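**Student:** let me see the structure of the following:
(2 chains)
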2 protein chains.
Amino acid sequence: MKVVQLTSDKKKIEVALTPALLPLYDVENSIVVVIDIFRATSSMCYGIENGADAIIPVSQVEECIAYAEKGYLIAAERNGEVVEGFDFGNSPFSYTAEKVAGKTVVLTTTNGTHAIHLSRKAKSIVIGSFLNLSSLATWLKDQQENILLVCAGWKNKFNLEDTVFAGAMVDKLKGDDFRIDDSAIAAADLWELAKDDLGGYLAKTSHSERLKKLGIEEDIAFCLNVDMTTAIPVLDGEKLVKL
Amino acid sequence: MKVVQLTSDKKKIEVALTPALLPLYDVENSIVVVIDIFRATSSMCYGIENGADAIIPVSQVEECIAYAEKGYLIAAERNGEVVEGFDFGNSPFSYTAEKVAGKTVVLTTTNGTHAIHLSRKAKSIVIGSFLNLSSLATWLKDQQENILLVCAGWKNKFNLEDTVFAGAMVDKLKGDDFRIDDSAIAAADLWELAKDDLGGYLAKTSHSERLKKLGIEEDIAFCLNVDMTTAIPVLDGEKLVKL
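**Tutor:** The predicted structure follows:
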């Protein structure tokens, strides 16, 4: 008798819309993509592209200071201003080759670090942003693994920009090789709505209002550049390095 | 000196995309709308419309049995079949006037009961579905309170049908009187995509596949009838009664 394999062996693409939902997913059997578009993961992609040896994400300004003694560059801001004594803030424009090539940078990011920490058990953790969208999609396709797109959100809540990026990635990956969940379907549909005028679409979010008040509209526009870079930051211990 | 009130006193419309996110919201200062489109909250709206004295949502079949001794109708199903010894299953077609008028029905619903339980501290808890969309929207507008739309989801995960309904409600309510959060923006955009062919749009979800296997396509189609009823079920103690 011929035994027919009925269980689908397709890999999954899932979207955890906020880190608070991570306990519901099979993180251990997935490659995790951490997404924090405004501005942490965009700055990470740009910094690794520009030759930073490593980027270390931390959640507290105080942790950052401890690293300064090791000769690392430290980056932190509060209310849109570089914290006194720090080398620079969180603007992606601080991550040029001139500033970071050959250096290790310690970057303060509450939501991004939280998402990375909760994803620890993943097969691997890579960093996504619009900057490295296509490059990351190509690599992810080649891995033949379950993919979990983790939106860092805002204090564990859903945010639109991270979800729209997740949707862009789902759109690149989807096809016969993957099963996708409802949040991936929704994210892809939001990307479809947003893609022709990404800045305009995201301008209506509350987060965008907050960022405008900080005077960082140029950062925001920069973070929405699609495929400006090809480097893929991957977590190695505590450090993000080039894959 | 004239003191200008700068703090916005606009009320909020927020969407908790799954019950797992409820701890992030100010439930105590909100009216909660519980949403479990396939099929719990649709059946509740239909049953209360059709003259049921009360509907008691419970999560376990065993709890339901305890109520049978009180002379209540009990409703439960497993894998699409009415559980042996029960009066009927979870199909909205079981909630006709003929069957439920003047009766109290105990309904088993895991996701719906979970969402209601976690919303206990709300100013009030009402039940929403496409069936009573406009009627509920009109009432909500009149309350001048913060509104928290709670998607019951599936085992704490995001699902598309509950979110699309939340979006329909946001679309009815939004305007100068309310501030809306990112999840409300996203939900409203998904409703905009879905509204012209709600059944077609939702057919692509994984949940829909599961429901098809249970042979309840007619239930699904029924649950997508917009404005078929006007009654608003409201939680009074353990019971849902007509507002």
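**Student:** is residue A:127 bridged to anything, and to what?
**Tutor:** residue A:34 (DSSP bridges).
**Student:** verify the stated contact: it with residue A:34.
**Tutor:** Yes. Residue A:127 is within contact range of residue A:34, at 5.7 Å (criterion: C-beta atoms under 8 Å). Just so you know, the C-beta spots here come from the backbone N, C-alpha and C atoms, and that holds for glycine as well.
**Student:** joint contacts of the two?
**Tutor:** Listed as contacting both residue A:127 and residue A:34 by C-beta atoms under 8 Å, 6 or more residues apart in numbering or on different chains are residue A:41.
**Student:** residue A:102: neighbour count?
**Tutor:** 8 (other C-beta atoms under 10 Å in any protein chain shown).
**Student:** pretty sure it belongs to a helix, no?
**Tutor:** No. According to DSSP: H, G, I helix; E, B strand; the rest coil, residue A:102 belongs to no helix; its state is coil.
**Student:** who touches the helix-or-strand element of chain A with minimal mean pLDDT?
**Tutor:** The weakest-scoring helix or strand in chain A, judged by mean pLDDT, DSSP states H and E, is helix A:206-213 (a mean of 73). Outside helix A:206-213, the residues within contact range by C-beta under 8 Å, 6+ apart are A:38, A:154, A:159-161, A:202, A:217, A:219-220, B:179, B:181-182.
**Student:** rerun that using 6 Å as the cut-off
**Tutor:** A:159, A:202, A:220 (C-beta atoms under 6 Å, 6 or more residues apart in numbering or on different chains).
**Student:** residue contacts, the closest residue in space to the second one that isn't next to it in sequence?
**Tutor:** Residue nearest to residue A:202 in three dimensions, not counting chain neighbours: residue A:161, with 5.3 Å by C-beta to C-beta, 6 or more residues apart in numbering or on different chains. For residue A:161, the contacting residues are A:37-38, A:202, by C-beta under 6 Å, 6+ apart.
**Student:** and what of residue A:205?
**Tutor:** For residue A:205, the contact set (C-beta under 6 Å, 6+ apart) comprises A:160, B:182.
**Student:** how does it look with 10 Å?
**Tutor:** Shown in contact with residue A:205 (C-beta atoms under 10 Å, 6 or more residues apart in numbering or on different chains): A:38, A:154, A:159-161, A:164, A:211, B:181-182, B:185-186.
**Student:** ok, residue A:225 next?
**Tutor:** By C-beta under 10 Å, 6+ apart, the neighbours of residue A:225 are A:42, A:46, A:92, A:129-131, A:133, A:198.
**Student:** which SS state does it fall under?
**Tutor:** At residue A:225, secondary structure determined by three-state DSSP is coil.
**Student:** measure it to chain B for me?
**Tutor:** Applying C-beta to the nearest C-beta, to the nearest Å, the value for residue A:225 to chain B is 22 Å.
**Student:** mind checking pLDDT for that residue?
**Tutor:** According to the prediction, residue A:225 has pLDDT 97.
**Student:** kindly report the same for residue A:8.
**Tutor:** pLDDT, residue A:8: 62.
**Student:** before we move on, the earlier item: so which of the contacts of residue A:161 is the closest to chain B?
**Tutor:** residue A:202 (9.8 Å; C-beta to the nearest C-beta).
**Student:** burial measure for the closest one, as a count.
**Tutor:** For residue A:202, using other C-beta under 10 Å, the count is 23.
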